[in-house]
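K.L.:
Predicted structure and sequence below. I'll ask about it afterward.
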Amino acid sequence: MLSASEAVAPQSAQPVRMAVPSRLADPALWLFGILVVALVLLVANPILRLVWDSFSSADGGATLRNYTSGLGRSRNLQALLNSLYLGGAVTVLALALGVPLALAVSRTNMPCRNLTHMGVLAAFVMPNFLGAIAWILLAGPNAGWLNRLWLEVFGGAGDDRGPFNIYSFWGLAFVIALYTFPLIYVFTKSALDLISTELEDAASIHGAGKFRTLTRVTLPLVMPSIVGAAILIFLESVALYGTPALIAIPAGINLATTQIVSFFEYPLRVEQAAAFSMPILVLTVVMLWVQRRLLSRKGFVSVSGKGGERRPFDIGWWKWPLLAYAALVSLLTVVMPLAILVLASLSKAWGRGVAKGNITLANYYDIFFQQLTVREAIVNTVLYSGATALVCVLMGLCVAYAVQRRITPWPGVVQFLALAPVAVPGLILAIGLYAAYAGPPFSLYGTGTLIVVAFTTRFLPIAVTACAAAVRSLNPELEEAVRVLGGGRITVLARVVFPLLKTTLVGVFILVFVICTKELSTAVFLTGPASRVVSVLTLDLSEQGNYETLAAMGVVLVVITTLVVAAGMRIAGRDFMLRRP
Amino acid sequence: MPNMPNMPNTSNMSKLHLKHIHKNYGTTAVVNDLSLELRQGELVTLLGPSGCGKTTTLRMIAGFIELTAGSIEMNGQQISGAGRTVPPEHRGMSMIFQSYAIWPNMTVAENVGFGLDVRRTPAAESKRRVGEMLEVVHLGHLAHRYPAELSGGQQQRVALARAMVVRPEVLLLDEPLSNLDANLREEMANEIRRLHDEFRFTTVYVTHDQSEAMTISDRIAVLNLGRLEQIDTPWNLYNRPHTPFVAGFIGRTNLVSATLRAGCITLDGLHGEVPIQDEAARDRADARVSIRPQSLYLGTDVLGALPMGRVAVVSRTYLGEYWDYVVRPLGGGDTLKVHAPPSSVLEIGHESALSVDPRGVAVVS
Amino acid sequence: MPNMPNMPNTSNMSKLHLKHIHKNYGTTAVVNDLSLELRQGELVTLLGPSGCGKTTTLRMIAGFIELTAGSIEMNGQQISGAGRTVPPEHRGMSMIFQSYAIWPNMTVAENVGFGLDVRRTPAAESKRRVGEMLEVVHLGHLAHRYPAELSGGQQQRVALARAMVVRPEVLLLDEPLSNLDANLREEMANEIRRLHDEFRFTTVYVTHDQSEAMTISDRIAVLNLGRLEQIDTPWNLYNRPHTPFVAGFIGRTNLVSATLRAGCITLDGLHGEVPIQDEAARDRADARVSIRPQSLYLGTDVLGALPMGRVAVVSRTYLGEYWDYVVRPLGGGDTLKVHAPPSSVLEIGHESALSVDPRGVAVVS
Amino acid sequence: QTSLDALHEAAKKEGELTWYIVYLPSEDAELMSRTFTARYPGVKVNVVRTTAQVAFQRLNQDLKAKTANCDVFSSTDIAHYLDLKKRKLLMKYVPAASATMDKRLQNLDPDGYYHVASVAMVGLVYNTQKVKAADAPKSWNDLVDPKWRGLASVGHPGFSGFVGVWAIEMRKLYGDGWFKKLAANKPQVGRSIIDTVTTVTSGERSIGAGPINLAAMMAEKGNPLAIVAPKEGPVLMLSPSAVMANAPHPNASKLFMEWLLGSEDVDKLSIDRFGVPKRAGAKPRPGVLGLDDSKTALRPDPQESVDGVPEVIDLWRDAFGV
Ligand SMILES: Nc1ncnc2c1ncn2[C@@H]1O[C@H](COP(=O)(O)OP(=O)(O)OP(=O)(O)O)[C@@H](O)[C@H]1O
Ligand SMILES: Nc1ncnc2c1ncn2[C@@H]1O[C@H](COP(=O)(O)OP(=O)(O)OP(=O)(O)O)[C@@H](O)[C@H]1O
Ligand SMILES: [Fe+3]
Ligand SMILES: [Mg+2]
Ligand SMILES: [Mg+2]
């Protein structure tokens, strides 16, 4: 068909590759097609099941009764409201913790930036459960160390109680925020890492001081990341069970998730539980809509294709208060809880605190040489978490790219599907996953694959959200330049988008990896004899009251994850935006 | 009539054919019924004011944005439009973006070598060609720098090298030289033309620089508000503009009212008659005429110039290479700009004879 | 001597003083011992080839990069250098970046209004000034667009408006008009000069466009490889270049070998004598002389031109506004470029007399 | 013994079984599995250890999908067994070994579908640094004594089956109004019954109603804990086990049940781990209460505990608001 043109075309011209009559020959189309199918399988399947369940009565008929009985009672509604308040409070706190630190590390000349960075990630590595326990020890109203310290220093005011009470709404919000703010931090920081300083220079030369530059230019530019992370945190804290159960119940706060769990007590009311989670799902849609409104037509392209470099901002004496804040956050999130943890792991009896004769290495010995399940579980955990993180990064990038560049039809729906799993309480999701994959045709019962599939479903939203924000920051012309030179979408992804977003992707990898090591609600449902993971063992140990071993395991986990994190940051390699001095 | 340099000496086959293409954003038409036909090996420049739709047109040719209406054919086959769209990567084109779009994560050499990699050129040849091309754009010594460490003009040359090294069938250049100094710009323009000729690219070139457009192009298409005003050879466009817009846009000109009678032009306020070069003009009293400032002479001593009458100097500016005089016919009428060599000095208010080279005069409406 | 347009009519106070500034990246010197003094209200253009350090110099003035050595003073007070550095936001400057650096998340109006907001200009006044400025750059109708929805030239004009609306003390412009078409460029250059004069900015202007530099500048500083070659008024720079580099960089020129004797220049291969304009030249046989192509004439009929001898036409190009001839003296020696009006037509190989306007001749070494 | 050997032979042909286990932590369950295989070579036990809710959910999902994964089901919630039995999903099998158990543990199900596999006790615990032995609470009713206002710690019946059973017994002892009085005394309400021990150990609260075995273990490590059997008697927590009707490895399952109920291995393991041995007359580890150590022991019968739990949860929620 090209004979005519080839006859006249001189040999020197490049071979023509126009012989593409069918769009189906585009491998990218297949890739994105498969991804969307995978997404539907992964997410739509359990979610649709959930929706279906919420409308079916126990004997299989269609009914609205689940809604009336699930949501009809004022106590249940109150629980839902409380959860929303909690989500809001956690989000606000996490923003207040994460954003300043991200700014400080990515854009200022504050000292100890690397240390701060490691500190935030270390905070994240700490299993939530342990963090909560550590905080009960620290800020329990009667015996919390902080309270005791306060009383030592300032004396008691009438009663014997210090000012901190972890068993309160704000205590709960605070503890959750402490362990979720790294999400905001990582999202924001990786977005900031892509912003060319020139955009900020433009603000300062037009008279804006450092603070105004940050608030008027820098932060708005990373809005997609911040909003994305905030939505994730909001939904996540609405759907969280572990920490709330430890603190909310003693604090006397009813939450949606604690409510849902009670639907699982005998007599089982799965359908009501499903109905009860519908509002959270609807909320997800609302959130997505809000996000769209917030970001609307605005552009967020920070990687323009015209060089672009990044310099740390000299913030003068401001760096000291900032450093103090970073140190305070690290102290709160890592140093103090970790100290408690290490102490407990080295104790014979954690209840005795620091005392002579209470110190031992036996707990570590126990883990490595005595316990039958722990070593294998650690290996499994690292394996599954690593695999999940990898799959999430790749899939998240592709899905986000396809959505942002509107390659797939119905990008809005795809985006919803990619975000929905956050809104579904883990246990409910796990039931759906178990139903979908344990039996034939997949027959994944008891395999590691099932765990990876479940984790991927659950944490894909993190990857997609982060990648979507990051893709927004790329000038599409960078991609078009690839395509006009003959590279397909896959080349675009592999050679340009992937390397450009390296920091973001490494960040996502770390986030997902760490979260997987902590994931409990799905793991507890899906693990089999050969696929145990550490998080489930920690639950066991905690039920056994064996906190010393638990703490030792926490420490081991912190060490392992820190190593993975460090390796990840190594891989990220040279920052091409940083100008060599 | 002088010979016309750079006349297309290419085959007559239509390589790229834009058929009545339209592009709307919302309700605003950005490209409006544009038709253009490029022969194999031709270099056509798109010229037009800022925001007239040049980039949009290039992007439609490359396949990045869909047409609202119309179609584009390449080698006789539709590549854009309703029905069949060939994705950019299969069009065998390459492009320089106005934003450069160089990849910040790759060194200069990697940026330039990318297209060859994608085309699976053997490593040794790829390396050689990248090296050669970097020498052409004078960046050989910066091969291992990252874009963030380059000056604006150097970045632009990376984009230029990247687009040309692959020897595309169709080369799309969006203001490829805007950030280069005059000497370099001239040199690069020559290189583009040389490579274009050597490898027989078909090139669509967007530039704001008219002298660049004049030297480099086979034909120039003048766009305005998304519409094609005129497409012609540089010589014709300059000397035979069809519309006031083209006359005003290509080079400086005087757009003045005149009377057409019996094949001759008489400017308002002057009595000299100038024969019409364009045969088609009919007699009328409200014609608009374009006269190039450098076809006007203060004095009557220039060979082949026709006397027009007398004028007075209104103002003048020294522009290094010439004087820019504004004169007014003593009989009233529109003021005229006249370029005079640095050696001819007339004070403001002085009177002088005015003569005109008739080849610089065109009836535009 | 003709009067020199745009001579600085400003106070004598030194507004901005660059004292022996240096900038090294690693071991490569990017700016090398540059000294420059700007008077209050002066407009100085930095001119130089791509990569010579213009942007770097601007960025040092703005305070974005630290000097390796030297210092910068403003109003007599050090603002950069060892010891004391004033952050950019306290320098009362504004700047157009080569990459525009307009904020993608703000509309055109928000971008332009930013500087006024920051200065706490009352909302009503801010709105009025933004509106006025947008009219100046012809973007009034696009006030509510986001940058991604603008063409390249429109984006550049947003950057221009944003920098000028705040009426800074010092305005730094890095190729502010590179993506605009000729007419708009001229208009914008006039607007910049008008606002500069009206609000008495002190302006440092970087451009590649020499005619722009010539019209707009009070003085022009020519940089090469990070060094200052010459700083002078446009007229002097063009007519009295001090170095071959400057002569070659500012406008086209012929750099030829010549003999200097008794205050006269004789080109190799020609016999005509041209009196030296520059007093300081001493007699020697190996001098380099710059002769502007438009100061050369084919023929002897031009007023004030001195006869040089006879030449033959080697080649010629039609450039729309003039013919570009290359001629060789019959007695041998360097070829010369000659610009001739469109009306003078000589075929290749023909002989002609050559004459020269001595004001276009300068001894450069 | 001969019948056991025959069972072993039959079991070896099946080679393995899957055990859904709730009342033991993974580690102990795994240990059990290995001990069993050591005792009966050629029969492997796949341990699936989860929480009660999850185990039951999984079982139901398996049933829905008609994939029989589970052979032996050992949960903590008696309600599950009543439900399964009603749905005819349990295999009727009375292990010979059940006769060796303490009388009080026998015949949990008169029809022989499920049997007690594990026993735990809920009693009173207190922090020895905060409370002197003489002042320690002696009766369940001390929990509502103003002396312990703001100092006690209990679990939540809505989140813990054990607490549910405990609450049923409290209701039986003191009536519906007791929960209001308890609430007025401001105890800390933990999610699980284990949280009570944690809270008391940390000193956050001084006394609690918690699992005695756990408290004893922690006390032995050196934590400042002590246990008290209330004068009304500790509450017994019975965890049943049953073979599934559709068990893919019926013989191995039966063998496992025999071992679970009557073997010395199991008693030894349970004594090691501060558990309550089931065998009649067996002595637990020193410091732990055995079945013979208190005159009375409180325990609802299966149907009672199933019907009673939702009621006490409602009473509880009305009293505490959560
Ligand atoms: N980080 C860096 N490391 C090394 N060299 C650099 C770095 N940044 C810039 N340069 C070099 O410094 C020189 C001056 O750069 P500058 O941007 O000032 O040039 P310029 O005069 O503005 O050029 P143009 O006209 O092309 O914009 C260039 O040769 C550039 O390659
Ligand atoms: N997304 C968009 N929505 C609305 N209008 C747009 C959008 N993108 C571009 N335009 C408008 O389309 C017109 C043509 O843009 P285009 O980039 O093709 O101009 P151009 O000829 O390349 O101009 P320049 O010389 O300034 O680069 C401009 O007026 C621009 O404002
Ligand atoms: Fe230009
Ligand atoms: Mg454009
Ligand atoms: Mg520059």
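P.N.:
Here it is on my side, so go on. Nothing here was measured: the structure is a model prediction, and the numbers come from that model. Numbering: from 1, shown residues only, chains lettered A, B, ... in the order given. Ligands and ions are numbered 1, 2, ... in the order given.
K.L.:
Skipping adjacent residues, who's closest to residue A:333 in space?
P.N.:
The shortest distance from residue A:333 to any non-neighbouring residue, by CB to CB, 6 or more residues apart in numbering or on different chains, is to residue A:123 (3.5 Å). C-beta coordinates here come from the backbone N, C-alpha and C atoms, glycine included.
K.L.:
How much space separates the one you found from ligand 3?
P.N.:
According to CB to the ion, to the nearest Å, residue A:123 stands 54 Å off from ligand 3.
K.L.:
Show the contacting residues for the residue positioned nearest the centre of chain B.
P.N.:
Per CA atoms, centre = their mean, the C-alpha nearest to the average position across chain B is that of residue B:213, at 3.6 Å. Contact analysis of residue B:213 by CB atoms under 8 Å, 6 or more residues apart in numbering or on different chains lists B:45, B:47, B:205, B:207, B:220, B:234.
K.L.:
sec struct for the closest residue to ligand 1 within the stretch 101-250 of chain B, please.
P.N.:
Closest to ligand 1 within the stretch 101-250 of chain B is residue B:153: 2.5 Å, counting by CB to the nearest ligand atom. The local conformation at residue B:153, judged by DSSP: H, G, I helix; E, B strand; the rest coil, is helix.
K.L.:
State the phi and psi torsions of residue A:126.
P.N.:
The phi and psi values for residue A:126, taken as degrees, to the nearest 10, are phi -60, psi 120.
K.L.:
all helices of the stretch 1-150 of chain D, in order?
P.N.:
Per DSSP state H, counting those that start in this stretch, the stretch 1-150 of chain D carries helices over the ranges D:2-14, D:26-39, D:52-64, D:78-86.
K.L.:
and if you look at the stretch 151-300 of chain B?
P.N.:
Along the stretch 151-300 of chain B, counting by DSSP H, counting those that start in this stretch, helices occupy B:152-165, B:182-199, B:210-216, B:234-239, B:244-249.
K.L.:
can you tell if the first one touches ligand 3?
P.N.:
No. For helix B:152-165 and ligand 3, the contact criterion (CB under 5 Å from the ion) is not met; the two come no nearer than 11.5 Å.
K.L.:
Buried residues in that helix, which are they?
P.N.:
Using 16 or more other CB atoms under 10 Å in any protein chain shown as the test for burial, helix B:152-165 gives B:152-165.
K.L.:
repeat for the second one
P.N.:
Within helix B:182-199, the residues that qualify as buried are B:182, B:184-189, B:191-193, B:195-196, B:199, counting by 16+ other CB under 10 Å.
K.L.:
Keep only those of these that are also close to ligand 3.
P.N.:
Cross-checking the buried residues of helix B:182-199 against ligand 3 (CB under 5 Å from the ion) gives no overlapping residues.
K.L.:
how close does the closest residue to residue B:311 other than its chain neighbours sit to ligand 2?
P.N.:
In space, and not counting its chain neighbours, residue B:311 is closest to residue B:327: 3.9 Å by CB to CB, 6+ apart. Distance of residue B:327 to ligand 2, computed by CB to the nearest ligand atom, to the nearest Å: 33 Å.
K.L.:
Which of the three states applies to residue B:327?
P.N.:
Recorded secondary structure, residue B:327: strand (three-state DSSP).
K.L.:
Same question for residue B:70.
P.N.:
Under three-state DSSP, residue B:70 falls in the strand class.
K.L.:
What number of neighbouring residues does it come out with?
P.N.:
For residue B:70, the tally of surrounding residues (other CB atoms under 10 Å in any protein chain shown) stands at 19.
K.L.:
cool, and the one 10 residues further on?
P.N.:
Residues lying near residue B:80 (other CB under 10 Å) number 24.
K.L.:
Which residue, neighbours along the chain excluded, lies closest to it?
P.N.:
Looking at residue B:80 with CB to CB, 6+ apart, the closest residue is residue B:72, at 4.0 Å.
K.L.:
Which residues does that neighbour form beta bridges with?
P.N.:
Using DSSP bridges, the bridge partners assigned to residue B:72 are residue B:18, residue B:80.
K.L.:
low-confidence ranges in the chain?
P.N.:
Since no chain was named, I'll use chain A. Residues of chain A that meet the criterion pLDDT under 70 lie in A:1-25, A:58-60, A:70-72, A:155-162, A:265-268, A:572-581.
K.L.:
Correction: the question concerned chain D.
P.N.:
Along chain D, the model assigns pLDDT under 70 to residues D:1-2.
K.L.:
What's the biggest helix in it, counting residues?
P.N.:
Identified as the longest helix of chain D according to DSSP state H is helix D:302-320.
K.L.:
Of the helices of the stretch 151-300 of chain B, which is nearest residue B:277?
P.N.:
Nearest to residue B:277, of all those, is helix B:234-239, at 7.7 Å by CB to CB.
K.L.:
give the contact list for the nearest residue to residue B:138 once chain neighbours are set aside.
P.N.:
Nearest residue to residue B:138, sequence neighbours excluded (CB to CB, 6+ apart): residue B:157, at 7.0 Å. Residues in contact with residue B:157 (CB under 8 Å, 6+ apart) are B:137, B:138, B:139, B:180, B:188, C:50.
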